[in-house]
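J.: give the three-dimensional model of this entry:
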Amino acid sequence: MEPPKDKWNLVLLIFIVHGIGTLMPWNMFITAKSYFVDYKLENDSNSTSASNYAANFLQYMGFAAQIPNVVFNWLNIFLNLGGNLSIRMGISILVELVLFVITVVMAMIDSSSWPGGFFWITMASVVILNIAAAVYQNTIYGMVATFPFRYTGGVILGCNICGLFVSLISIASNYIFSTIRTAAIYYFITAMVVLLLCFDTFFALPLNKFFIYNQLSRKKDDDEGVKNSEIPYWTIFKTASMQLYNVFMLFFVTLAVFPAVHSDIKVSSPDFFIKDPIMFIQYTCFLTFNLFAMLGSLTSYWIQWPGPKYLIIAVSSRLVFLPLFLFCNYLPLNVERHLPVLIGNDWVYWIIAVIMSYTSGYFSALAMMYAPQTVEPKYQVKAGMFAGAMLISGIFCGILFSFLTPYLV
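T.: As a prediction, this is how the structure comes out:
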């Protein structure tokens, strides 16, 4: 029979929505840095521990988020955590919804007298959120791997739209609401609405003929003997290794810089048009990164250059961003800087931020699209899951490196 078509690109749109959902917990928490650091943890000026939590909040949170994310992403490749792909996705989204309810409740409570308790409750929530997010993200990359590669690009596009969407919601909530507390409550409620949309669209997928056709193709591969115990994991990993390196290195460089270093770069010139320190970070860091990463991943729909063979050169060249950002006006909290500021022009810093963000979105979309195409069709699900695990591993190692950057300056 003639393979069914994706009418109105409905399945593609649903995968874009799920791309937004996979990174929603991470983006919501890192973009709310001012809420956690300046409101919840810095309220008590006499508390040394609160000040320490505030100074290193993004690093602590990155550590708490990415350890379970890495572990469960890799486990999800080899074990059927929570059953088949559909069951795993449904349970993961429900767990994330419950955790965001707890986060909203914590925003409503006055925790100024127990900042340490608030910090550890937040970290526990981050750990559980990212266990669920790891299974969700790894599963969606495995599910989309059997579709044409632009569908994998759709998930990556959704991930980058998520960052832009969260940045805009953060800026809007701070403008609309008079207090940080109220802004934070509605900000986190927005995440719950998006996750509910993901949950609803998840049940719409099995009703689509194009989706059913691809699922039957996967089942046919299973029936032909591609069982979990017989999958040549090492062969798949080795065959896709160049693209897996690209995925890892892209996210390592990006997360070594963003958000820990990027969000601690302060305005250098009093004449720069963004004078408010918080708005400077919101616009030049979070909004810039998320907007241009999204535009980069969108570009990959029309242009796929360089090809699989030469992408490694472009990806490796991005290592130059590590020293470039450190030579900007990077002023981490409670650290006396000794390294000279060589890039003191705010416009030059912003241009560097735009290039870093755009290449992050564009090259990551290419690498994630190329990875499943390097192996036989019956192994594409596992190759896609390997790519998802390398993505998270790159994020984790980048965050670990960001712990060193205050000492480097």
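J.: drop to CA atoms for contacts and neighbour counts, all remaining ones
T.: Will do.
J.: and residue 272, how many neighbours?
T.: Per other C-alpha atoms under 10 Å, the neighbour tally for residue 272 reads 13.
J.: list the contacts of the nearest residue to it once chain neighbours are set aside.
T.: Nearest residue to residue 272, sequence neighbours excluded (C-alpha to C-alpha, 6 or more residues apart in numbering): residue 346, at 7.2 Å. Each residue near residue 346 by C-alpha atoms under 8 Å, 6 or more residues apart in numbering is listed here: 267-269, 272.
J.: mind doing that once more with 7 Å?
T.: 267-269 (C-alpha atoms under 7 Å, 6 or more residues apart in numbering).
J.: which one of the residues you listed sits closest to residue 402?
T.: Using C-alpha to C-alpha, the shortest approach to residue 402 within the contacts of residue 346 belongs to residue 267, at 20.5 Å.
J.: from residue 100, how far out is that closest one?
T.: 33 Å (C-alpha to C-alpha, to the nearest Å).
J.: how about residue 398?
T.: From residue 398 to residue 100 the distance is 26 Å (C-alpha to C-alpha).
J.: and residue 252, by the same measure?
T.: 27 Å.
J.: more crowded one of the two?
T.: Per other C-alpha under 10 Å, whichever of residue 252 and residue 100 has more neighbours is residue 252, with 26 against 21.
J.: CA-only coordinates of the host helix or strand of that one in CSV, if you can.
T.: Following DSSP states H and E, the helix or strand that holds residue 252 is helix 241-257. The C-alpha trace of helix 241-257 is given here as CSV (Å, rounded to 0.1, in the frame of the first residue of the first chain):
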residue,chain,number,x,y,z
SER,A,241,30.4,7.5,17.0
MET,A,242,31.4,10.5,14.8
GLN,A,243,27.9,12.0,15.1
LEU,A,244,27.7,11.0,18.8
TYR,A,245,31.0,13.0,19.4
ASN,A,246,29.4,15.9,17.6
VAL,A,247,26.4,15.8,19.8
PHE,A,248,28.5,15.5,23.0
MET,A,249,30.9,18.3,22.1
LEU,A,250,28.2,20.7,20.9
PHE,A,251,26.4,20.5,24.2
PHE,A,252,29.6,20.4,26.3
VAL,A,253,30.8,23.8,24.9
THR,A,254,27.3,25.4,25.1
LEU,A,255,26.6,24.3,28.7
ALA,A,256,30.2,25.2,29.8
VAL,A,257,29.3,28.8,28.9
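J.: can you list the neighbours in contact with the following helix or strand past that helix?
T.: Next in sequence after helix 241-257, counting helices and strands by DSSP H and E, comes helix 277-281. With contact meaning C-alpha under 7 Å, 6+ apart, helix 277-281 is reached by 263, 266-267, 274.
J.: so, low pLDDT: which residues of this structure?
T.: When residues are selected by pLDDT under 70, those of the chain lie in 1, 43-51, 80-85, 217-229.
J.: for the biggest helix by length in it, name the packing helices and strands.
T.: In the chain, with assignment by DSSP state H, the single longest helix is helix 115-144. Secondary-structure packing of helix 115-144 (3 or more C-alpha pairs under 7 Å, 6 or more residues apart in numbering; DSSP states H and E): helix 10-22, helix 57-78, helix 85-108, helix 380-402.
J.: which one of those lies nearest to residue 303?
T.: Among the helices and strands packed on helix 115-144, if distance is taken as C-alpha to C-alpha, the winner is helix 10-22, at 18.2 Å.
J.: what lies in contact with the closest one?
T.: 133, 136-137, 151, 154-159, 161-162, 194-195, 198, 201, 211.
J.: okay, whichever helix or strand comes after that helix in CSV with CA atoms only?
T.: Where DSSP H and E defines the elements, the next helix or strand beyond helix 10-22 is helix 24-31. In CSV, the C-alpha atoms belonging to helix 24-31 read as follows (Å, rounded to 0.1, in the frame of the first residue of the first chain):
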residue,chain,number,x,y,z
MET,A,24,10.6,22.7,30.1
PRO,A,25,11.8,21.7,33.6
TRP,A,26,15.5,22.7,32.9
ASN,A,27,14.7,26.0,31.2
MET,A,28,12.1,27.0,33.8
PHE,A,29,14.5,26.6,36.6
ILE,A,30,17.6,28.2,35.1
THR,A,31,15.7,31.2,33.7
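J.: so what touches helix 24-31?
T.: For helix 24-31, using C-alpha under 7 Å, 6+ apart, the contacting residues are 58, 129, 162-163, 166-167, 191, 286.
J.: past that helix, which element shows up next along the chain?
T.: Next along from helix 24-31, by DSSP H and E: helix 33-34.
J.: sorry, back to before: run the angle between the longest helix of the chain and helix 57-78 for me.
T.: If you take axes from the mean of the first three to the mean of the last three C-alpha atoms, to 10 degrees, helix 115-144 sits at 40 degrees to helix 57-78.
J.: just how off-centre is helix 115-144 within its chain?
T.: How far helix 115-144 lies from its chain's middle: 12 Å, per C-alpha atoms, centre = their mean, to the nearest Å.
J.: got the buried residues for it?
T.: Of the residues in helix 115-144, 115-116, 118-119, 122-123, 125-144 count as buried by neighbour count, 16 or more other C-alpha atoms under 10 Å.
J.: could you give the number of residues near the residue nearest to residue 287 when sequence neighbours are not counted?
T.: Spatial nearest neighbour of residue 287, excluding adjacent residues (C-alpha to C-alpha, 6+ apart): residue 167 at 5.4 Å. Burial of residue 167 is recorded as 26 neighbouring residues (other C-alpha under 10 Å).
J.: quick one: buried residues of whichever strand or helix holds residue 167?
T.: For residue 167, the host element (DSSP H and E) is helix 149-176. Neighbour-count burial for helix 149-176, counted by 16+ other C-alpha under 10 Å, picks out 149-171, 173-174.
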